[in-house]
Structures are given as structure tokens and as C-alpha cells.
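Engineer: I would like the atomic coordinates for the input below:
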Amino acid sequence: KVIRKVTPSSGPLAGGTNVTIAVDGLRRAALSWTTERPWGCVFGTSVVQAQALTTSLISCKSPTSLRAGETKMSLVDDLGNVVVKGKSAFVYYEGPEVSSVVPS
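Structural biologist: Residues are numbered from 1 along each chain as shown. Predicted structure coming up:
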């Protein structure tokens, strides 16, 4: 089972980006997925709740990150076992900062 594509592939350090993950080989594993026992999207070491859109598409929101750059991704089951490893990664970037507003 492999992550084929992450869309979008980047987002701000503040997190909150809606990410769709395309996976291969998830069909059997998806059968055990329930709302009572949700899986998680792993961004580096941070885990957020995942939502199955189909047996090959997973959705989640990126968590906040303290550093910009590439972070590995994977999917874990409700027990924390890695069920899908990432070939793709998510890239965090520093968002723009507002230094002034004119007119004030």
C-alpha cells in the first residue's frame, strides 16, 4: 500500500490545509475502517484524523508545523499501525506576514 499523490502538496506552517491523499492497494484495509475506529494521516510525527472519501482517496487537514520544508506522510490505523507508507511528502512553507495596513 503506497501513497501515490498528495494534493495540494504544500501548505502554510499554520496548518489547516485540506489535503487529499491518493493511495494504491487500500481496498482490503478500507473494509475495516469505521467512524468509531478512525484512521489518521501522519505528517512527520503529528497525527490528524483521516476521512475516507473512497477506497483510494483519503482526506485530512494538515496540522501546524514549527519548521518549513518537506515532511514524510503515512496513514495509520486506530491502533497507530502504519497501513500506508508515503512516497509522496507534504511541504510546509512560511505564510506571508502583514507588516502594515494602509490606510489604517
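
Engineer: Toward the C-terminus, what is the element adjacent to the helix or strand of the chain with the lowest mean pLDDT?
Structural biologist: Among the helices and strands of the chain, helix 27-30 carries the lowest confidence by mean pLDDT, DSSP states H and E, at a mean of 55. Remark: after helix 27-30, the chain's next helix or strand is strand 40-43, criterion DSSP states H and E.

Engineer: helices or strands next to the following helix or strand past that next one in the packing?
Structural biologist: Using DSSP H and E, the helix or strand that follows strand 40-43 in sequence is strand 46-49. Contacts defined by 3 or more C-beta pairs under 8 Å, 6 or more residues apart in numbering; DSSP states H and E place strand 46-49 against strand 40-43, strand 57-61. Where you see a C-beta, it was placed from the backbone N, CA and C, and this is true even at glycine.

Engineer: Tell me the neighbouring strands of strand 46-49, and mark each as parallel or antiparallel.
Structural biologist: strand 40-43 (antiparallel) (DSSP bridges).

Engineer: quick check, distance from the partner strand to the centre of its chain.
Structural biologist: With C-alpha atoms, centre = their mean, to the nearest Å as the basis, strand 40-43 stands 5 Å off its chain's centre.

Engineer: tell me the angle the lengthiest strand in the chain makes with strand 57-61.
Structural biologist: If you go by DSSP state E, the chain has its longest strand at strand 82-93. Angle, strand 82-93 to strand 57-61, by axes from the mean of the first three to the mean of the last three C-alpha atoms, to 10 degrees: 50 degrees.
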